[in-house]
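Student: Fold the following.
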Amino acid sequence: MKSNQTTSVEQGTPEDNSAPEKPALKPFTSYQVFVVVILALLQFTVVLDFMILSPLGDILMKTLDLSPSRFGSVVSAYAISAGISGILAAGFADKFDRKKMLLFFYTGFVIGTLFCGLANSYESLFVARIVTGIFGGVISAVGMAIITDLFSLQQRGRVLGYVQMAFAASQILGVPIGLWLADTFSWNAAFFMIVGLALLIGLAVLWKLKPLKEHLKIQTDKSAFTHLRHTLKKKNYRIGFIATAILSMGGFMIMPFTSAFIVNNVGIAQSSLPIIFLFTGLSSIIIMPVIGKLSDRYSKMLLFTIGTCIASVMIVIYTNLTPVPVWMVILINMILFMGIMSRMVPATALNSAIPEAVDRGAYMSINSSLQQMSGGLAAIFAGFIVKQDGKSAPLQNFDVLGYIMLGFMIWCLYLVFRVNRLVKTE
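Tutor: Numbers count the residues shown, from 1 in each chain. Modelled structure (predicted):
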């Protein structure tokens, strides 16, 4: 047990943050491998639940007669409620066994997703997304706290590379299957699929994941709200929070409207969307483990910079697309997402090195909340910029979103540079 779980205190020392990256990669124990797999599966269901709205966007807008602004509000309902619940839960995140926290919020997430599947109107779907977000938004934060408890900084790039493959896996497996279910039955069927899978994963967590209580031994704040206030007051933490918020806004702004843009502007048939998301996911699932290993071996800041350069060029090309063949859309989409994913792993790994062991749960919860709320605000903002004259009319001002997104990426590059400098000097 002791060899499998390195304590929070041991891994939260300044020596971890300042130690030079070494060419030799530290191997995982068998229990650590299990944790990586189960966290990746958890992330898969949470990400799929969140991402499935984007490819279903065109179907939902036509079926429920949603305007772009209303659809943006449905997307943001999850993100903003997740952000608010994450901040409210932050003070309690270091007060309980992380396994119990994970099971509690995952159960609520499954119930919320079930309500999404049962929804039959804009109002009921909107409420269901709020319920799902309240619970789903905390899951990633608990998962990140578990990762920082069990894995050293020199292992986290690989861990995050595998866990964040959930984004790719959701596109390779979840999104195409969800779209097929939506075309064959109805859009509600995609959410029922997620519920069934999540129930199996939840049982595996209940039976196999060991309790995580080491952080409870070093708590000093008796009040959860005092703990939250102390976490928010630390200047170094605030730099990490801002970097996370801008990273999320710059990466999410165009995503809710990609399917509608591809169908109505680029002229690709709805039936071709699964193959586009399939190949996009394949490219991501190949690049994520590679980026994870490289970020453990070389400079995380350098990798983030390269990913930003690739994503910046491709976002301008993508948002200015005119009618082109399906193969060209696939190629551009693949390169774009490879750039975006290449930013996520090193940035998240660097950010995970900022909090002290005593604050990890609270820091990760606040960080996750800001990520969710920033994504929600980006969706609302995008919904007001993008216009559509009719159900099948081309989207207007989509290129404007691309240029705004480019500006956020450049701003985020500066913020991650500050995080990198902070980690190296502690």
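Student: so where does the residue nearest in space to the middle of the chain fall, helix or strand?
Tutor: Centroid check for the chain by C-alpha atoms, centre = their mean gives residue 47 as the closest residue, at 6.4 Å. Taking DSSP states H and E as the definition, one finds residue 47 inside helix 30-51.
Student: Which other helices and strands does that helix contact?
Tutor: helix 98-118, helix 122-150, helix 153-163, helix 165-169, helix 175-184, helix 189-208 (3 or more C-beta pairs under 8 Å, 6 or more residues apart in numbering; DSSP states H and E). In short, each C-beta sits where N, CA and C put it, glycine included.
Student: Let me know how buried residue 46 is, in neighbour terms.
Tutor: A total of 26 residues lie near residue 46 under the criterion other C-beta atoms under 10 Å.
Student: What of the one 3 residues further on?
Tutor: Number of residues near residue 49 (other C-beta under 10 Å) recorded here: 27.
Student: wait, it sits on residue 131?
Tutor: No: counting by C-beta atoms under 8 Å, residue 49 does not reach residue 131; the two are 11.7 Å apart.
Student: coming back round to it: per-residue confidence at the residue nearest to the centre of the chain?
Tutor: With respect to pLDDT, residue 47 scores 80.
Student: likewise residue 225?
Tutor: In this model, residue 225 is scored at 69, pLDDT.
Student: what stretches of the stretch 101-250 of the chain score poorly on pLDDT?
Tutor: For the stretch 101-250 of the chain, the stretches flagged by pLDDT under 70 are 153, 167-168, 170-175, 214-225, 227-228.
Student: Setting aside sequence neighbours, what's the nearest residue to residue 247?
Tutor: Distance criterion C-beta to C-beta, 6 or more residues apart in numbering; nearest residue to residue 247, sequence neighbours excluded, is residue 412 at 5.0 Å.
Student: Would you verify that that neighbour is located in a helix?
Tutor: Yes: when classified by DSSP: H, G, I helix; E, B strand; the rest coil, residue 412 is found to be part of a helix.
Student: ok, back up a step: nearest to residue 331, of the helices and strands packed on helix 30-51?
Tutor: The minimum distance between residue 331 and the helices and strands packed on helix 30-51 falls on helix 165-169, with 16.5 Å, by C-beta to C-beta.
Student: who wins for proximity to residue 362 among the helices and strands packed on helix 30-51?
Tutor: Closest of the helices and strands packed on helix 30-51 to residue 362 is helix 122-150, at 9.0 Å (criterion: C-beta to C-beta).
Student: May I see the buried residues of the closest one?
Tutor: Buried residues in helix 122-150, counted by 16 or more other C-beta atoms under 10 Å: 122, 125-150.
Student: Quick check: residue 76 touching residue 372?
Tutor: No: in this structure, residue 76 is not within contact of residue 372 by C-beta under 8 Å, at 9.7 Å.
Student: So between the two, which is more surrounded?
Tutor: Neighbour count, other C-beta under 10 Å: between residue 76 and residue 372, residue 372 has more, with 31 against 26.
Student: Could you report the pLDDT at the more buried one?
Tutor: Confidence for residue 372, expressed as pLDDT, is 71.
Student: Same check on residue 309?
Tutor: Residue 309 is given a pLDDT of 91.
Student: tilt between the host helix or strand of it and helix 153-163?
Tutor: If you go by DSSP H and E, residue 309 is part of helix 300-319. Angle of helix 300-319 versus helix 153-163, following axes from the mean of the first three to the mean of the last three C-alpha atoms, to 10 degrees, is 20 degrees.
Student: Which elements pack onto helix 300-319?
Tutor: helix 273-297, helix 326-352, helix 398-425.
Student: Tell me which residues of the longest one come out buried.
Tutor: For helix 398-425, the neighbour count (16+ other C-beta under 10 Å) marks 398, 401-402, 404-406, 408-409, 411-413, 415-416, 419-420, 422-423 as buried.
Student: Check which element follows the helix holding residue 47 along the chain.
Tutor: helix 57-63.
Student: neighbouring contacts of that following helix?
Tutor: Applying C-beta atoms under 8 Å, 6 or more residues apart in numbering, the contact partners of helix 57-63 are 53, 66-68, 71, 74, 125, 182, 187, 256-260, 263-264, 270, 391.
Student: Going through these, which ones are buried?
Tutor: 53, 66, 68, 71, 74, 125, 182, 187, 256-260, 263-264, 270.
Student: Now the two most distant members of the residues you listed.
Tutor: Taking C-beta to C-beta, no two of those sit farther apart than 125 and 264, at 21.4 Å.
Student: buried ones in the helix or strand where residue 248 lies?
Tutor: Following DSSP H and E, one finds residue 248 within helix 235-252. For helix 235-252, the neighbour count (16+ other C-beta under 10 Å) marks 237, 239-252 as buried.
Student: next structured bit after it?
Tutor: Assigned by DSSP H and E, the successor of helix 235-252 is helix 258-264.
Student: And the contacts of that following helix?
Tutor: Contacts for helix 258-264 (C-beta under 8 Å, 6+ apart): 54-58, 61, 68, 254, 268-270, 273, 276, 321, 329, 388, 392-395, 398.
Student: Emit the ChimeraX select command for whichever of these are buried.
Tutor: To isolate the buried ones among the contacts of helix 258-264 in ChimeraX, judged by 16+ other C-beta under 10 Å, type:
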select :54,55,56,57,58,61,68,254,268,270,273,276,321,329,388,394,395,398
